[in-house]
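Student: any chance you could fold what I've pasted below:
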Amino acid sequence: MYTSAITCAQCKDTIELAPNTGPFESVTCPHCRHTAKFIDLQMKAQEEDQKFVDELTLASASSTD
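Tutor: Numbers count the residues shown, from 1 in each chain. As a prediction, this is how the structure comes out:
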């Protein structure tokens, strides 16, 4: 049973997470076998989300000029 998912930093495939996955547990991608700590993958996802928001904000500001 999986409750959440996160994106692999290497191959961008979805990794399904067990409900009891702790922040410092190692997570292995079933597709490319890349292993990382869950908290590192979360931080990477947050950085990518923020980059997307920044680019979207910049594009919106440019289109109004």
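
Student: for the protein, what spans make up the helices?
Tutor: Counting by DSSP state H, one finds helices in the chain at the ranges 38-64.

Student: next up, the contacts around the spatially most central residue of it.
Tutor: The geometric centre of the chain, computed from its C-alpha atoms, lies nearest to residue 45 (Cα atoms, centre = their mean), at 3.1 Å. Counting by Cβ atoms under 8 Å, 6 or more residues apart in numbering, residue 45 touches 6-7. Any C-beta I mention is one placed from the backbone N, CA and C, and that applies to glycine too.

Student: distance of it relative to residue 60?
Tutor: Using Cβ to Cβ, to the nearest Å, residue 45 is found at 23 Å from residue 60.

Student: how about residue 15?
Tutor: Distance from residue 15 to residue 60, by Cβ to Cβ: 32 Å.

Student: great, nothing more from me.
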